[in-house]
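In: here is a sequence with its predicted model. Questions after.
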Amino acid sequence: MRLLLPLLVVTLAASWRPGLADPVAAVGGALPGLPVAGLAVGFYNESCPEVEDMVLAEMRAIVAKDWTVGPALLRFMFHDCLVRGCDASIMLKSRSDKGERDAVSSYGLRGYEEVEQIKAKVEAACPLTVSCADIIALAARDAVYLSNGPRYPVETGRRDGKVSAEYDADNDLPPPSSNIVDLKTYFSVKGLGWKDLVVLSVQAKQSSHQPTNRLLNPCRQSAGSHTIGRAQCSTFASDRLYNFSGKGEQDPSLNKTYAATLREACEAGLENDTTPVEMDPISPGTFDLGYYRDVLSNTSLFLSDQALMDDRWTRAYVERMAAAESTEEFFADFAVAMTNMGRLEVLTGDNGEIRETCAAFVR
């Protein structure tokens, strides 16, 4: 495990605030077009100049204690941004159990306590200044960095939302059984393209969506970051091992040797099997190209992963990354895709609020 030895910093020389970490290498070029008014790299340079250092320090301590929290926080941002935008609405509590965190799609979601821990540290230094939404985005970036991924610049300036609805969460996230048409539709509705899909699939694999017509499966994860982290047997065993297409068969696209290994871990007929399985068994704690090699060799866990081979554009990207000798292109693409996702439906300026604690109650 190499969690505390990050390999690469993706930088934009014109806008990246120095002092956070010395770049080992620079990749990537410019951020994507159509910037959002109110968002900027270094938004807190005057009001809370040490915020990114504080978040990184807290994340180092968190990940050193439990490395699995890293991929969980990456999944956490995916959930937050694809549902009502990047506004920390996933943190809000509902007295009637009707908020996003009560949704079927949020089953097993981790990161609430860690976000609150980081927020408390930041509040002590900069009261009512830094939003929970920005803390989630910064923590997700550092989770990648501490797993040997890139430390890309993060735009900040988001404000926190005041609305959190269970229905939105259960309808805005693609389920792990999605085919490629459904996946592209889910992403395009949010203004994200095929490249965002194939790149963020590496990070989205742990997210969890349950559409309203499938509410009887409380353990399903959504399609999202799958290069680091674990999945529970209940999220894939039925679709891939025991009841593919409802026919009581194994998914024919799944590598037979790998399937036999999964069967040893996941029993048939256990609807709520919480047995954890590494999503990338070769390098589970490292952010790398293993995900694409798994997809190409038919050893990925979810149907939504294998679906990337059913579109010529996403397939070509999978094949290129699987054969790549360097992570440089992927890291650069990931930085851009995370920036795109981080701009979804954000609240800036006088919209939203800055909360003292992230887990406030809503009706």
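Out: Arrived safely, thanks for sending. Worth saying up front: this structure is predicted, and the values here are computed from it rather than measured.

In: contacts only, for residue 183.
Out: 174, 197, 223, 304, 307 (Cβ atoms under 8 Å, 6 or more residues apart in numbering). For glycine as for every other residue, the C-beta is placed from the backbone atoms N, C-alpha and C.

In: residue 127 too?
Out: Listed by Cβ under 8 Å, 6+ apart, the contact set of residue 127 reads residue 356.

In: ok, the spatially closest residue to residue 158 that is not a sequence neighbour - how many residues close by?
Out: Closest residue to residue 158 apart from its sequence neighbours, by Cβ to Cβ, 6 or more residues apart in numbering: residue 133 at 3.9 Å. The tally of other residues near residue 133 (other Cβ atoms under 10 Å) stands at 32.

In: just checking, residue 133 touches residue 84?
Out: No: using Cβ atoms under 8 Å, residue 133 is not in contact with residue 84, being 10.7 Å away.

In: what pLDDT does residue 135 get?
Out: Reported pLDDT at residue 135 in the predicted model: 99.

In: wait, isn't it in contact with residue 114?
Out: No: using Cβ under 8 Å as the test, residue 135 is too far from residue 114 to be in contact (9.7 Å).

In: of these two, who's got more company?
Out: Per other Cβ under 10 Å, whichever of residue 135 and residue 114 has more neighbours is residue 135, with 29 against 25.

In: before we move on, the earlier item: got any residues that touch both of residue 133 and residue 84?
Out: Both residue 133 and residue 84 are contacted by residue 161, under the criterion Cβ under 8 Å, 6+ apart.

In: pull up the gap between the residue nearest to residue 158 and residue 115, please.
Out: Using Cβ to Cβ, to the nearest Å, one gets 10 Å for the distance from residue 133 to residue 115.

In: and if you look at residue 167?
Out: Taking Cβ to Cβ as the measure, residue 167 falls 23 Å from residue 115.

In: so those two - more neighbours on which side?
Out: Per other Cβ under 10 Å, whichever of residue 167 and residue 115 has more neighbours is residue 115, with 25 against 12.

In: in the protein, which spans are strands?
Out: Under the criterion DSSP state E, the chain contains strands at 40-41, 93-94, 155-156, 230-232, 276-278, 361-362.

In: low-confidence bits of the stretch 101-250 of the chain, can you list those?
Out: Applying pLDDT under 70 to the stretch 101-250 of the chain flags residues 203-230.

In: joint contacts of residue 133 and residue 115?
Out: By Cβ under 8 Å, 6+ apart, residue 133 and residue 115 have these common neighbours: residue 88.

In: show me where the stretch 151-300 of the chain has its helices.
Out: 166-172, 180-189, 194-204, 237, 256-265, 290-296 (DSSP state H, counting those that start in this stretch).

In: residue 60 is nearest to which of those?
Out: Minimum separation from residue 60 across the helices of the stretch 151-300 of the chain (Cβ to Cβ) falls at helix 194-204, 19.8 Å.

In: check which helices and strands the closest one sits against.
Out: Applying 3 or more Cβ pairs under 8 Å, 6 or more residues apart in numbering; DSSP states H and E, one finds that helix 194-204 contacts helix 69-82, helix 180-189, helix 290-296, helix 312-323, helix 328-342.

In: tabulate these in JSON lines, adding columns for distance to residue 38.
Out: Formatted as JSON lines, those follow (distance: least, Cβ to Cβ, whole Å):
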{"stretch": "helix 69-82", "distance to residue 38": "16"}
{"stretch": "helix 180-189", "distance to residue 38": "23"}
{"stretch": "helix 290-296", "distance to residue 38": "33"}
{"stretch": "helix 312-323", "distance to residue 38": "32"}
{"stretch": "helix 328-342", "distance to residue 38": "13"}
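
In: most packed of those?
Out: Compared across these, helix 69-82 shows the largest average neighbour count, a mean of 28 (mean count of other Cβ atoms under 10 Å).

In: in contact with the residue nearest to residue 319 when sequence neighbours are not counted, which residues?
Out: Spatial nearest neighbour of residue 319, excluding adjacent residues (Cβ to Cβ, 6+ apart): residue 296 at 6.3 Å. For residue 296, the contact set (Cβ under 8 Å, 6+ apart) comprises 309, 318, 319, 322.

In: what two of the residues you listed are the furthest from one another?
Out: Maximum pairwise distance among these (Cβ to Cβ): 10.8 Å, between 309 and 322.

In: number of nearby residues for the nearest residue in space to residue 118 that is not next to it in sequence?
Out: Nearest-residue entry for residue 118: residue 58, 4.6 Å, with adjacent residues in sequence omitted and distances by Cβ to Cβ, 6+ apart. Number of residues near residue 58 (other Cβ under 10 Å) recorded here: 22.
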